[in-house]
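K.L.:
got a predicted structure here, sequence first:
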Amino acid sequence: MPELPDVETFRKYLSVTSLHKKVAKVHIPGKKLLKGLSATTLRRHLKGRKLVDTARHGKYLFAATDRGDWLVLHFGMTGKLKYYMNKEKEPAHTRLLLVFRNGYHLAYDDQRKLGTISLVRDMNGFIKRRELGPDALRIDPEAFRDSMGGKRGSVKAALMDQHTISGIGNVYADEILYQAGVNPESSLEDLEDSDIDRIYRNMMKVLNKAIDCRADPECLPDTYLIPSREKGGVCPECGEELERTQVSGRTTYFCPCRQGA
């Protein structure tokens, strides 16, 4: 599932390819992905307009139009963007297609159709209505400690709770806790302040490194868990086989030596 580093990569991609180009046509093959508006309304608000700015909060990508609306994309499990010119390069699972007057196209592709497409006037209002927590890359250490201190349950579940901190999913929660040396099943009540501070520092380190790598696991350092995060994978530090368990219904990988059994 696309997480914060993936969506930040999409945001940068959209900014570089698609801003300040007039939209000539709008095709919406994935009408079922629309939330809170009709295909007719979305088409009317985008046709003839330009995308002029981008923003991101957690796993949501926002693209501002020159009339003051925000196109909102959530990528579900398999969503991505593709900018191209030739029709034969159109992705196989396009759900929204913007055709620009310069002859290029921007496709929102989502094979499993679990993403969403919205249009709002107030980006901050949208974030508030969804009760999204602070963005994981913009929360400060004190606010992070406060958010973790007020919760119960496992530390991994807290990191993945979008109402507490927005942007972290299953894969990057595992990486952050691996780098911090904290067992994903640890109860928040059992963690020391020093543990929480270490998790915060590694959260920032991991997310920024993943963005630098354009969310490509093969580009991550050899000391990272993600490239080995599979059945039979081993810890990149000690060589011990990774353990696999379930936390909040999600498959979780960790090193029993580095993070405790």
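P.N.:
Received it, and whenever you're ready, just let me know what you need.
K.L.:
quick one: residue 162 from residue 229, how far?
P.N.:
Taken as C-beta to C-beta, to the nearest Å, the spacing of residue 162 relative to residue 229 amounts to 21 Å. No exception for glycine: its C-beta is placed from N, CA and C like everyone else's.
K.L.:
now residue 248
P.N.:
As defined by C-beta to C-beta, residue 248 lies at a distance of 17 Å from residue 229.
K.L.:
so which of the two has more stuff around it?
P.N.:
In this view residue 248 and residue 229 are compared by other C-beta atoms under 10 Å, and residue 229 has more residues nearby, 20 against 15.
K.L.:
residues contacting that one?
P.N.:
171, 174, 175, 242, 253 (C-beta atoms under 8 Å, 6 or more residues apart in numbering).
K.L.:
any idea which helix or strand carries residue 159?
P.N.:
Mapping residue 159 onto the secondary structure by DSSP states H and E places it in helix 155-160.
K.L.:
what's the next secondary structure element after that helix?
P.N.:
Assignment by DSSP H and E places the next element after helix 155-160 at helix 170-180.
K.L.:
counting by contacts, list what that following helix packs against.
P.N.:
Using 3 or more C-beta pairs under 8 Å, 6 or more residues apart in numbering; DSSP states H and E as the contact criterion, the neighbours of helix 170-180 among helices and strands are helix 155-160, helix 193-212, strand 250-254.
K.L.:
make it 6 Å
P.N.:
For helix 170-180, the contact count by 3 or more C-beta pairs under 6 Å, 6 or more residues apart in numbering; DSSP states H and E identifies helix 155-160, helix 193-212 as packing neighbours.
K.L.:
just the angle between that helix and helix 193-212, please?
P.N.:
With axes from the mean of the first three to the mean of the last three C-alpha atoms, to 10 degrees defining the directions, helix 170-180 sits at 130 degrees from helix 193-212.
K.L.:
show residues contacting helix 170-180.
P.N.:
Helix 170-180 is contacted from outside by 3, 156, 159-160, 184, 198-199, 202-203, 206, 225-226, 250, 253, using C-beta atoms under 6 Å, 6 or more residues apart in numbering.
K.L.:
how about JSON lines for these, with distance to residue 14 added?
P.N.:
Output for these, formatted as JSON lines (distance: C-beta to C-beta, whole Å):
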{"residue": "3", "distance to residue 14": "17"}
{"residue": "156", "distance to residue 14": "30"}
{"residue": "159", "distance to residue 14": "27"}
{"residue": "160", "distance to residue 14": "25"}
{"residue": "184", "distance to residue 14": "33"}
{"residue": "198", "distance to residue 14": "34"}
{"residue": "199", "distance to residue 14": "31"}
{"residue": "202", "distance to residue 14": "28"}
{"residue": "203", "distance to residue 14": "25"}
{"residue": "206", "distance to residue 14": "23"}
{"residue": "225", "distance to residue 14": "29"}
{"residue": "226", "distance to residue 14": "24"}
{"residue": "250", "distance to residue 14": "28"}
{"residue": "253", "distance to residue 14": "31"}
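K.L.:
and the two most separated of the residues you listed?
P.N.:
By the measure C-beta to C-beta, 198 and 250 form the most distant pair in the contacts of helix 170-180, at 22.0 Å.
K.L.:
and the strands in the stretch 51-200 of the chain?
P.N.:
Under the criterion DSSP state E, counting those that start in this stretch, strands of the stretch 51-200 of the chain are mapped to 51-57, 60-65, 70-74, 79-84, 94-100, 105-110, 116-120.
K.L.:
looking at these, spot the one closest to residue 40.
P.N.:
When the strands of the stretch 51-200 of the chain are ranked by distance to residue 40, counting by C-beta to C-beta, first place goes to strand 116-120 at 11.8 Å.
K.L.:
list the buried ones in the lowest-mean-pLDDT helix or strand in the chain?
P.N.:
Using mean pLDDT, DSSP states H and E, helix 141-149 stands out as the lowest-scoring helix or strand of the chain, at a mean of 94. When burial is assessed from 16 or more other C-beta atoms under 10 Å, helix 141-149 yields the following buried residues: 144, 145, 147, 148.
K.L.:
I'm done for today, thanks for sticking with me.
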